[in-house]
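K.L.:
Here you go, sequence then predicted model.
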Amino acid sequence: MGDFSAVLFSEWTKVRTVRSTWITLLVAFVVTVGLGAVISAVTNSQWNSMSDRDRLTFDATSTSFSGIYLGQLAVIVFAVLVVGNEYSSGMIRATLAAVPQRITLLLAKTVVVLVLVLPVALVTCFVTFFLGQALLGDHGTSIGSTHVLRAVVGAALYMTFIALLSLGVGFMLRKPVLSLGLLMPFFFLISPILSNVPKVKTVAHYFPDIAGTQMARVVGDNSVPYGPTAGLFICLAWVAACLVGGYALLKRRDA
């Protein structure tokens, strides 16, 4: 336990003293809150022009989180750099020499990412929600309404899961450019496109971003065959798969 505490403190020191840590997390906050506020304000101004069907299926909570899927870009960058910076600089050789137990290193980095991202995600999502509902005016909802608190916390968990998933990918691919070159197109091109292609959208519905969408919803989405609880476990499965894959390759490879 003492060895793990020392490794954890070392990883915490490395991450918190790097400027990119705070820049990327700040960008995640600003983009998520800012874009959510803009879309909420526009939705409120365009309410009278919306169709009856759109009004009936309107999800005020989900609308305020419209910026989260762009804000996750910064979270992905942050998590990838936690691993990738060490490989790019060659520092990973010293790290592995000091911490030969690969599982200890992976767990320490995982805990550090979790401890940093989860509080930021919670603050971001609560600020995003309250600002968004204020800008939605009479069409907004309250934190005490049914399932709303669950959706707000679900959105924060989704951001955290994406960070942990990206950390696992970072361990697998090692190079930041390669990791980002896989993750960015996946979340911003491949998943949105495949989720709208009839023959493959059944599979695409189980991608982590689609599952995360369900976690942040109050009004159900009939196009997706599961709800927020299943979405939570799907995201957890993706996180576990990426971290296990990262550990398997970390254990087999040299620096």
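P.N.:
The structure has been received and is ready for your questions.
K.L.:
helices and strands around the helix or strand V239 falls within, which ones?
P.N.:
Using DSSP states H and E, V239 maps to helix 228-252. Under the contact criterion of 3 or more CB pairs under 8 Å, 6 or more residues apart in numbering; DSSP states H and E, helix 228-252 touches helix 102-136, helix 148-173, helix 208-215. Glycine gets a C-beta too; all of them are placed from N, C-alpha and C.
K.L.:
what is the rounded mean pLDDT of it?
P.N.:
Helix 228-252 shows a mean pLDDT of 95.
K.L.:
Counting neighbours, what do you get for S45?
P.N.:
11 (other CB atoms under 10 Å).
K.L.:
same deal with I23?
P.N.:
So I23, with other CB under 10 Å, has 13 neighbours.
K.L.:
Provide the backbone phi and psi angles at it.
P.N.:
Per-residue torsions, I23: phi -70, psi -50 (degrees, to the nearest 10).
K.L.:
who touches L250 in this structure?
P.N.:
Taking CB atoms under 8 Å, 6 or more residues apart in numbering, we find L250 in contact with 102, 105-106, 171.
K.L.:
give me the number of residues near the nearest residue to G140 once chain neighbours are set aside?
P.N.:
Leaving out its chain neighbours, the residue that sits closest to G140 by CB to CB, 6 or more residues apart in numbering is Q133, at 3.6 Å. Burial of Q133 is recorded as 21 neighbouring residues (other CB under 10 Å).
K.L.:
just the one 4 residues further on next, same as before
P.N.:
Other residues near G137 number 13, with proximity taken as other CB under 10 Å.
K.L.:
Quick check, pLDDT for it.
P.N.:
pLDDT, the model's per-residue confidence, is 93 for G137.
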